[in-house]
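Novice: With the sequence up front, the predicted model follows.
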Amino acid sequence: MAENTMYLDFTDFFQTVTYFLVSIGSYQIFKKCEIKKRWAFIPVIREYHLSLCADKEEDGRHYAILYAVFSVLEFALDLTESHMQIFLLLAIPFAGVVVAIFIYSARIYIGLTEVFKKKKRWVWMFMIFTGITSIIWGFSPSFQPSKKYKDFSKLEGAKEFGGELSAIENGLTVNINQRTVLDFFKKKVLLKDIHMQIPKGHLVLLLGGSGAGKTTYLNAVTGYEKADANIKLGDNDVYKDYAKMMYDIGFVPQQDLMRGNDTVLMTLSDAATLRLPSNVSASDRNKRIAEVLQQFGLKSVKNNLVEKLSGGQRKRLSIAMEFISDPTLFILDEPDSGLDGVVARSLFEKLRAIADEGKIVLVITHTPDRVIDLFDDVIVLAKDKTRTGRLAYYGPVNEAYEFFGKDSMEDILLSINQVDEGGEGKADEFVEKYADMVEEKVV
């Protein structure tokens, strides 16, 4: 009994010493990497921030999540120790989580050796002698990172317009102050200072590089993910009147959700049941289905199975499903994905015709230049130096070329993309230029 007590005392002492060695060593490592040093004393959070220093943030996220699962399973194992069957069932995923934690720890330490330009054998030193190795890396002057961690949220972003545009009666008015999320122990701003007025009858291109906030913008505008914003469609507030507005906004995702073994008519009938208000009569619903079949050129294939449709027909059906409710605001995410030039052109001509009916049609496409002549306006979103989505331009397509000094949408995109993404890194310049232009118009 005394031996067991001595063993437990030694174990506790060893764990305490290891904790302090790792914490103090990590404190110094964080200092070198310019990361907030206080996180060095909080296990798990410490490892996540170590991953920032190692330029392995994604691995750090996985590590933190796995450790949370590990803690829950460890607690469950303690509770079920006397119930062998349950204990064994939990032991299998527990072992898997332990292995995964080991792997992600190794990946973080490999990242550290790369950032500090040291040999990979240090990974094993970290895994086996974590405390001593942390002290060596933290206090030895010969261990210096080749690059510092950049906390973009601490940088000063591009100039803001900061005002709010008045709502227009016949169109969409967007005033997004900001859209934020809690992202692993810190607040992250996804969008900021987005203001525009889009009249009815306009076909609008939404342009922006990866991470510029296109999807976040669409979710905020439609009310799917509310932001600190004021969104008006005509006289109606999209957020306050969401139950009513949901029928007046159509969204076509990139991937369709149609069942291949249903006919075109069945697919549209199901869409009409879901998308049209419950007080619409059966005769009016059938009339609307017939109108949409005719409008999208699907009348001749209405009894065909979805899986037998061509790519272009399937895209038109996917669009028709959302257009069944006759929305004022119609949004499409890459409707031409997978289509060749001729079929894509035909599809965008159909969208042009929809806009000409007095609708607002907002489209994301990765090949805008082949159909840009059909668009009225372009919204250009860009990441500023803080990696926040900002509005770099909104207005007529022909004026966009002059504004950016480019002769294609692809070149405009390259000018606002960050240098590390192969672009020219001029996002902040154009964000501020556009803010100045809006201020002049408002004043």
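Specialist: Nice, I can see it. Predicted model, so just to flag it, every value in this text is computed and none were measured.

Novice: Sketch out the low-pLDDT regions of the stretch 151-300 of the chain for me.
Specialist: 152-155, 184-185 (pLDDT under 70).

Novice: Quote the end-to-end distance of stretch 353-364.
Specialist: One end of stretch 353-364 sits 17 Å from the other (C-alpha to C-alpha, to the nearest Å).

Novice: buried residues in it?
Specialist: In terms of neighbour count (16 or more other C-beta atoms under 10 Å), stretch 353-364 has its buried residues at 354, 355, 359, 360, 361, 362, 363, 364. The C-beta positions use only the backbone N, C-alpha and C, and glycine is treated the same way.

Novice: now swap in stretch 429-443 and tell me
Specialist: Neighbour-count burial for stretch 429-443 [16+ other C-beta under 10 Å]: 429, 430, 431, 432, 433, 434, 435, 438.

Novice: Now name the helix or strand holding the last one.
Specialist: Element membership for residue 438, per DSSP states H and E: helix 427-442.

Novice: by contact count, what packs against that helix?
Specialist: Applying 3 or more C-beta pairs under 8 Å, 6 or more residues apart in numbering; DSSP states H and E, we find helix 427-442 packed against strand 377-383, strand 389-396, helix 397-404, helix 409-416.

Novice: remind me which residues of the stretch 1-150 of the chain are low pLDDT?
Specialist: In the stretch 1-150 of the chain (pLDDT under 70), the answer is 1-11.

Novice: Helices along that one, start to end?
Specialist: Here the stretch 1-150 of the chain has its helices, by DSSP state H, counting those that start in this stretch, at 2-33, 45-53, 57-79, 84-115, 122-128, 130-139.

Novice: how about the ones you listed in CSV, adding distance to residue 416 and mean neighbour count?
Specialist: Converted to CSV, the helices of the stretch 1-150 of the chain look like this (distance: least, C-beta to C-beta, whole Å; neighbours: other C-beta atoms under 10 Å):
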stretch, distance to residue 416, mean neighbour count
helix 2-33, 29, 14
helix 45-53, 26, 23
helix 57-79, 24, 16
helix 84-115, 29, 16
helix 122-128, 39, 16
helix 130-139, 39, 19
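
Novice: Could you list which residues are in contact with the residue nearest to residue 74 when sequence neighbours are not counted?
Specialist: Distances taken as C-beta to C-beta, 6 or more residues apart in numbering place residue 94 nearest to residue 74, at 7.1 Å, with adjacent residues excluded. Residue 94 makes contact with 70, 73, 74, 77, according to C-beta atoms under 8 Å, 6 or more residues apart in numbering.

Novice: Out of the buried residues of stretch 353-364, which sit inside helices?
Specialist: 354, 355 (DSSP state H).

Novice: No further queries at this time; thank you.
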